[in-house]
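Trainee: Kindly return the folded structure for what I paste below:
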Amino acid sequence: MITTPIKTNIITGFLGVGKTTLIKALLASKPDNEVWAVLVNEFGEIGIDGGLLSSGHNGSGVVIKEVPGGCLCCAAGVPTQVAVNQIIQQAKPDRLLIEPTGLGHPAEIVNLLQAPHLQHVITLQASICLVDARKVSDSRYRDHDIFKQQLHIADMVIANKAQLYDEQAMPCLRDFMASLGRADTPIMLSDSHFTQASQLQHLMLLLNKPSQRAKWHQSPKPVSLLSRSAEQWFTPVASIKVDEALQQFDAQGYIYKTNQGEGCYSVGWIIDCQRCFDFARFMVWVESVKSLNVMRLKAIVITFDGILSVNMVDDKLTLDELDDALDSRIEIISDKPLDGDTLQQQLFECVD
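Mentor: Predicted structure coming up:
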């Protein structure tokens with residue numbers, strides 16, 4: 001039984017802007033006596049961000065739940081409402097952070113969280129939008145309805161990766177915010193890793209402020225299904241036998257999934273933990289993907305040299321090392337159709 005409304009924040013931003021990194025930094029600053037839950041959605045079907053967020057937080061008052069495949073808003077909807085219901089029932093959190101996919105409509109999430117049946121369950125606090133100010137001059141971003149909507153509902157905009165800006169980036173962002181009628185929205189500059197303690201302290205205080213941008217008026221949505229028990233929609237994880245879960249893998253130990261929407265396409269793979277990647281060969285494959293000018297490549301890969309995290313936005317590649325992973329996961333997002341069969345054949349050549 002929820003007696004105190006759960007403080008809830010929406011953290012938005014276009015693909016690869018640093019939402020997951022920010023959430024990890026916020027989780028690291030979480031009060032020790034609080035339980036925080038994170039509901040993360042990815043455009044692709046594979047689900048990688050949940051693994052990145054979970055790393056280092058096991059048993060530390062943090063609960064992560066993923067809704068892969070598409071955008072949370074699409075089920076003004078069953079998947080989102082059930083996910084919210086489940087995470088509240090299971091975690092009973094003091095705070096809920098919601099990270100929609102970079103290709104999702106945050107206004108629909110706002111509508112969902114302000115539904116009458118949630119008024120005594122959730123209190124919507126400040127929404128944060130991350131943006132790479134260099135992208136505002138790119139018509140693919142500037143003219144995209146979702147990009148504009150993310151900025152429009154924000155109580156705070158974080159101009160991320162500021163160490164890479166030239167002198168035109170911030171004036172361009174401020175002019176764009178003014179064109180959206182949001183010239184009064186506070187803008188904070190940040191580096192890529194949110195390393196400044198004063199900025200994190202400010203953000204932690206901001207999380208507790210009521211949202212001023214919350215109400216979003218659009219066409220009415222279907223009656224909510226959240227009041228129905230989560231068990232009516234999902235089989236509890238504990239009741240799924242391990243051998244049944246493993247049956248999803250093909251004979252080679254792979255799962256292959258695709259998705260498309262909002263003018264974008266994704267292909268992705270889950271690879272059984274018993275299959276290990278050769279690091280050098282995998283990096284050659286990554287470079288071949290990079291040459292395709294894709295929008296995003298994300299991966300958690302078990303190699304013979306350790307567990308590798310890969311994050312590529314446009315043509316900028318970042319590598320990191322993780323402590324653990326249950327399997328390998330790779331996702332590519334592009335604004336053009338992808339030849340998944342060829343990519344898969346080349347990928348398989350990197351595995352022993």
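
Trainee: So, low pLDDT: which residues of this protein?
Mentor: For the chain, residues meeting the criterion pLDDT under 70 lie at 1-3, 42-59, 68-80, 102-104, 195, 213-247.

Trainee: If you count contacts, what does the longest helix belonging to it end up packed against?
Mentor: When the chain is parsed with DSSP state H, its longest helix is helix 78-91. Here helix 78-91 touches strand 36-42, strand 62-68, strand 95-99, helix 106-113, going by 3 or more CB pairs under 8 Å, 6 or more residues apart in numbering; DSSP states H and E. Any C-beta I mention is one placed from the backbone N, CA and C, and that applies to glycine too.

Trainee: Quick one: closest of the ones you listed to Ala280.
Mentor: Ala280 lies closest to strand 36-42 among these, at 28.0 Å (CB to CB).

Trainee: ok so, going back, mind putting the helices and strands packed on helix 78-91 into a markdown table with mean neighbour count and distance to Gln248?
Mentor: Formatted as a markdown table, those follow (neighbours: other CB atoms under 10 Å; distance: least, CB to CB, whole Å):
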| stretch | mean neighbour count | distance to Gln248 |
| --- | --- | --- |
| strand 36-42 | 27 | 18 |
| strand 62-68 | 21 | 13 |
| strand 95-99 | 25 | 25 |
| helix 106-113 | 23 | 29 |
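
Trainee: how about those, which one is nearest Ser139?
Mentor: Ranking the helices and strands packed on helix 78-91 by proximity to Ser139 (CB to CB) places helix 106-113 first, at 21.1 Å.

Trainee: What is the closest one packed up against?
Mentor: Short answer (3+ CB pairs under 8 Å, 6+ apart): helix 106-113 packs on strand 6-13, helix 78-91, strand 122-124, helix 145-152.

Trainee: Now with 6 Å, please.
Mentor: Other elements packing on helix 106-113 under the criterion 3 or more CB pairs under 6 Å, 6 or more residues apart in numbering; DSSP states H and E are strand 6-13.

Trainee: Just checking, which helix or strand succeeds the strand it packs on along the chain?
Mentor: Sequence order places helix 19-28 as the next helix or strand after strand 6-13, per DSSP states H and E.

Trainee: so that following helix versus strand 95-99, what angle?
Mentor: 170 degrees (axes from the mean of the first three to the mean of the last three CA atoms, to 10 degrees).

Trainee: Which residue, other than its chain neighbours, is closest to Gln168?
Mentor: For Gln168, the nearest residue in space outside its immediate sequence neighbours is Ser137; the separation is 7.7 Å by CB to CB, 6 or more residues apart in numbering.

Trainee: From Pro186, how far out is the closest residue to Pro5 other than its chain neighbours?
Mentor: Spatially, and ignoring its direct neighbours in sequence, Pro5 is nearest to Thr123 (4.0 Å; CB to CB, 6+ apart). Distance, Thr123 to Pro186, using CB to CB, to the nearest Å: 21 Å.

Trainee: Kindly report the same for Val313.
Mentor: Relative to Pro186, and taking CB to CB, Val313 is found at 25 Å.

Trainee: Looking at these two, which is more packed in?
Mentor: Val313 (22 against 12; other CB atoms under 10 Å).

Trainee: Please list all residues in contact with Gln149.
Mentor: Contacts for Gln149 were tallied using CB atoms under 6 Å, 6 or more residues apart in numbering; they are Ala107.

Trainee: I'd like the distance between it and Asp250.
Mentor: For Gln149, the distance to Asp250 - CB to CB - is 39 Å.

Trainee: Could you do Ser137 as well?
Mentor: As judged by CB to CB, Ser137 and Asp250 stand 44 Å apart.

Trainee: the more surrounded of the two?
Mentor: Ser137 (13 against 10).

Trainee: got the residue ranges for the helices in the chain?
Mentor: For the chain, the helices defined by DSSP H cover 19-28, 49-54, 78-91, 106-113, 139-142, 145-152, 169-179, 197-206, 242-246, 279-290, 340-348.

Trainee: right, so those helices: which one is the most enclosed?
Mentor: Highest mean neighbour count among the helices of the chain (mean count of other CB atoms under 10 Å): helix 106-113, with a mean of 23.

Trainee: Just the C-alpha atoms of that one, please, in PDB.
Mentor: C-alpha atoms of helix 106-113 as PDB (Å, rounded to 0.1, in the frame of the first residue of the first chain):
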ATOM      1  CA  PRO A 106       7.800  12.300 -23.400                       C
ATOM      2  CA  ALA A 107       4.600  14.300 -23.400                       C
ATOM      3  CA  GLU A 108       2.700  11.000 -23.500                       C
ATOM      4  CA  ILE A 109       4.500   9.800 -20.400                       C
ATOM      5  CA  VAL A 110       3.600  13.000 -18.700                       C
ATOM      6  CA  ASN A 111      -0.100  12.400 -19.600                       C
ATOM      7  CA  LEU A 112       0.100   8.900 -18.200                       C
ATOM      8  CA  LEU A 113       1.800   9.900 -14.900                       C
END
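
Trainee: can you state the direction angle for that helix and helix 78-91?
Mentor: Calculated by the same axes, to 10 degrees, helix 106-113 forms an angle of 50 degrees with helix 78-91.

Trainee: just the angle between helix 106-113 and strand 36-42, please?
Mentor: If you take the same axes, to 10 degrees, helix 106-113 sits at 140 degrees to strand 36-42.

Trainee: Not counting its neighbours along the chain, what's nearest Lys336?
Mentor: Leaving out its chain neighbours, the residue that sits closest to Lys336 by CB to CB, 6+ apart is Tyr265, at 6.9 Å.
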